[in-house]
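Undergrad: below are the sequence and a predicted model; questions follow.
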Amino acid sequence: MNRRNMLYGGTAVVAGLAGAGVAWWKFQPHAVDEKVVAKAPGGTAGSATDAFWSLNFDTPDGKNLSMSSFRGKLLLVNFWATWCPPCVEELPLLDYFYQENRDKNIQIVGLAVDQPSKVRDWLKATPLHFPVGMAGMGGTELSKSLGNLAGSLPFTVVFSATGELLHRKIGQVLPEELALWAKLK
């Protein structure tokens, strides 16, 4: 009986350590998967970050949103969907932050991983002041290539003014994080 308890206890410790290791790894910044971004619409050979900057998305009103037009600014890219409660909960915070900081060379872009009609309806009820691109389901693969291995939403990445990927965040953004990111160069 004592041996069985020790075996169960040892198994529990190993499982707990493995779970903690996976959680730690999941939330750490990771290398960007260049192959996935290169396969994304508009993606090119070269680094995943370079490929990201070559992407274009339709906006909800049918215009073109080119990621290259945001080079030279600190860029926060937020992957979201209308069906994701934490996503829609954080969008007003992001919108407020954008309005307060847009004159400070800071840009936010929302990439909707959703159906265009749902996004248009949502934006009619809750307009945003920053640009929104329609990433569709391809947005999940793009977010994975940028370090969101699970494809979770919301997911935010921060690029420097020179285009370097500086930070990744899985989950809802906090005001303290926005304040820290605003100080990045």
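TA: Done, it's in.
Undergrad: only C-alpha atoms for contact and neighbour calcs from this point on.
TA: Noted.
Undergrad: in terms of residue numbering, what are the domains of the protein?
TA: 1-30, 31-182 (automatic domain parsing).
Undergrad: which one of those domains is the most hemmed in?
TA: Most buried of the domains of the chain, by mean neighbour count (mean count of other Cα atoms under 10 Å): domain 31-182, with a mean of 18.
Undergrad: so where's this structure uncertain?
TA: Scanning the chain with the threshold set as pLDDT under 70 gives 1, 5-46.
Undergrad: cutoff 50 now
TA: Under the criterion pLDDT under 50, the flagged ranges of the chain are 14, 16-46.
Undergrad: how about the strands in it?
TA: Secondary structure of the chain by DSSP state E: the strands cover 56-58, 64-66, 74-80, 106-112, 132-134, 155-159, 165-170.
Undergrad: and the last one, what other elements does it pack with?
TA: If I follow you right, that is strand 165-170. strand 155-159 (3 or more Cα pairs under 8 Å, 6 or more residues apart in numbering; DSSP states H and E).
Undergrad: ok and the strand it packs on relative to strand 106-112, angle-wise?
TA: Angle, strand 155-159 to strand 106-112, by axes from the mean of the first three to the mean of the last three Cα atoms, to 10 degrees: 150 degrees.
Undergrad: ok now strand 155-159, how far from the chain's centre?
TA: On the basis of Cα atoms, centre = their mean, to the nearest Å, strand 155-159 sits 5 Å off its chain's mean C-alpha point.
Undergrad: strands paired with that strand, and their directions?
TA: Using DSSP bridges, the strands paired with strand 155-159 in its sheet are strand 74-80 (antiparallel), strand 165-170 (antiparallel).
Undergrad: residues making contact with that strand?
TA: Strand 155-159 is contacted from outside by 74-80, 143, 146, 148, 165-173, 181, using Cα atoms under 8 Å, 6 or more residues apart in numbering.
Undergrad: over to stretch 125-143?
TA: With Cα under 8 Å, 6+ apart as the test, stretch 125-143 has contacts from 36-37, 40, 57-60, 65, 79, 91-92, 95, 98-99, 107-116, 149, 151, 155.
Undergrad: if we can go back for a sec, for A48, which of the strands of the chain is the nearest?
TA: Closest approach to A48 among the strands of the chain is made by strand 165-170 (9.7 Å; Cα to Cα).
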